[in-house]
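> how would this look folded up:
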Amino acid sequence: MVEIGKEIIVAGIPYLPEKFLGKGKSGYSFIATHKNRRFVVKQIHHEPCPYYSFSHKLQSEINAYSALNYLGITLPKLIATDEEKEVLVKEYIQGKTGLELVVQNDVTDFTFNSLFQLSNVLKKSSLNIDYFPPNFVHNGHKLYYIDYECNQYDEQWSFEKWGIYYWLNSEGMRMYAEQGDSSGINISPNSGKPITEPFENRAKELITKFVKQI
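Sure thing, here's the model as predicted:
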């Protein structure tokens with residue numbers, strides 16, 4: 001297991017985990033350093049998710065990286081993997097996370113346009129990604145998708161029907177960020193489905209504005 005302050009060897013390279021970044025559906029992520037460079041080390045976990053099922057988590061992430069990279073999606077580079085340790089190492093992207101942007105009411109037209117452009121590319125390839133704001137980082141003039149997850153396209157999990165409502169829910173995402181409480185963003189704790197009603201008009205405005213530009 002990855003531990004802060006305890007060196008881990010991946011593909012013959014030592015990395016020193018220094019900061020816990022967060023837990024996702026498939027693993028725990030840490031900032032780690034090697035020769036004064038920052039990386040993200042992700043330790044796969046096997047904790048259940050009530051609304052999502054996995055087969056082989058590490059291989060799923062590798063496959064997703066390959067598929068998304070092939071499509072030209074802006075991603076952190078995959079550096080190394082270790083199947084026995086169930087660990088992967090990827091490029092660290094400096095910048096504000098999508099979660100920070102939402103909480104600070106700082107989601108600009110550029111960000112929404114980037115998300116709709118991304119959604120369009122993926123939909124044409126019959127794919128969805130996890131559009132939850134913490135899975136993105138705004139760096140300079142690019143929006144990075146920093147998670148390695150993609151699935152077969154299903155409209156109910158698309159950006160327009162699912163993800164956009166998290167990007168519009170500043171107060172709910174603030175409560176989630178500060179307290180880990182999802183009751184302000186999801187219709188029920190284990191549903192994985194967003195609260196939509198207060199944001200439907202704004203979502204329609206954005207869809208009308210940006211989908212026409214694609």
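> From now on I want contacts and neighbour counts done on CA atoms only, so please keep to that.
Will do.
> what kind of secondary structure is residue 22 in?
Recorded secondary structure, residue 22: strand (DSSP: H, G, I helix; E, B strand; the rest coil).
> Just give me the residue right at the centre of the protein.
Centroid-nearest residue in the chain, with CA atoms, centre = their mean: residue 135, separated by 1.9 Å.
> Make sure that residue is actually in contact with residue 145.
Yes. Residue 135 sits in contact with residue 145 when judged by CA atoms under 8 Å, with a separation of 6.0 Å.
> show me the contacts for the residue nearest to the centre of the chain.
97, 98, 145, 146, 147 (CA atoms under 8 Å, 6 or more residues apart in numbering).
> Nearest residue to the last one in space, please, no chain neighbours.
In space, not counting the residues next to it along the chain, residue 147 is nearest to residue 135; the distance is 5.5 Å by CA to CA, 6 or more residues apart in numbering.
> Ramachandran coordinates for that neighbour?
Dihedral angles of residue 135 (phi, psi; degrees, to the nearest 10) stand at phi -90, psi 10.
> any idea how far residue 5 is from it?
Per CA to CA, to the nearest Å, residue 135 is found 25 Å from residue 5.
> pLDDT at the nearest residue to residue 44 once chain neighbours are set aside, what is it?
The shortest distance from residue 44 to any non-neighbouring residue, by CA to CA, 6+ apart, is to residue 27 (4.1 Å). Residue 27 is assigned a pLDDT of 93 by the prediction.
> give me the number of residues near residue 27?
A count of neighbours around residue 27, defined by other CA atoms under 10 Å, yields 18.
> Next: residue 68.
Other residues lying near residue 68 total 19 when counted by other CA under 10 Å.
> can you check residue 16 too?
Number of residues near residue 16 (other CA under 10 Å) recorded here: 22.
> hey, where'd the helices end up in the protein?
Using DSSP state H, the helices of the chain run over residues 57-70, 98-103, 109-124, 164-168, 170-179, 200-211.
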